[in-house]
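> what follows is a predicted protein model with its sequence.
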Amino acid sequence: MLDFEDILWTKEVLKEIDLFLECSSESIATLVENFEKINYKAGAVILFQGEISNRFYVIRRGAIGIWKNVNGEKKKVAELCEKFYFGEISLMTSSCATATVRAQTDAEVLSIDFENFEFTFRNNPDQIKAIQKKIEERKKNLP
């Protein structure tokens, strides 16, 4: 469960994320109610490439590294910080994680699982279709 400060922060951040631009304030508020806070120590793996995940993550504090296994070699392809997100493709498509995600520093991440995500939009099919469309576009642009 999030504290009051986290709730306010998360509402504002979700309103800025491209996936949620077409979502109502009510949907965002319901979504935020179902987020949880998870703390990771520097070096901890949050998600392994190839793992089936059912969570969406937003970085609250810290730095997160994105690593891909390319031709048997691990390569850091990105570093994300506060307000960035990950896990959206695995969350919505039941596909494997496209990269390993590791805390570069001590990190605080806010997360929601598929069941709560889906529950939020159960009565809003247009909003979920808009989110799915953006995720499909993102999948096409992956290296």
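It's in. Residues are numbered from 1 along each chain as shown.

> mind listing what residue 64 touches?
Residue 64 makes contacts with 46, 79-81, 84, 86, 101-104, 107, 109, as judged by Cβ atoms under 8 Å, 6 or more residues apart in numbering. All C-beta atoms are positioned from the backbone trio N, CA, C, and that covers glycine.

> what about the helices in the chain?
Taking DSSP state H as the criterion, the chain carries its helices at 4-16, 25-33, 88-93, 114-121, 125-140.

> lowest-confidence member of the contacts of residue 64, which is it?
In terms of pLDDT, residue 86 ranks lowest among those, with 92.

> wait, that residue touches residue 79, no?
No - in this structure residue 86 lies outside contact range of residue 79 using Cβ atoms under 8 Å: 11.6 Å.

> overlap in contacts of the two?
Here residue 86 and residue 79 share the contacting residues 64, 66, scored by Cβ under 8 Å, 6+ apart.

> who's more crowded, these two?
Neighbour totals were compared for residue 86 and residue 79, and residue 86 leads with 24 against 12 (other Cβ atoms under 10 Å).

> and the nearest residue to that one once chain neighbours are set aside, what does it touch?
Take residue 86 and drop its neighbours on the chain: the residue closest to it by Cβ to Cβ, 6 or more residues apart in numbering is residue 57, 5.3 Å away. Applying Cβ under 8 Å, 6+ apart to residue 57 gives the contacts 46, 85-87, 101, 109-111.

> tell me the buried residues within those residues.
Those of the contacts of residue 57 that meet the buried threshold are 46, 85-87, 101, 109-111, by 16 or more other Cβ atoms under 10 Å.

> mind putting the contacts of residue 64 into CSV with distance to residue 8?
Converted to CSV, these look like this (distance: Cβ to Cβ, whole Å):
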residue, distance to residue 8
46, 24
79, 26
80, 22
81, 19
84, 19
86, 22
101, 26
102, 28
103, 24
104, 26
107, 20
109, 17
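
> endpoint to endpoint, stretch 27-39 covers what distance?
Stretch 27-39 has its terminal residues 26 Å apart, counting by Cα to Cα, to the nearest Å.
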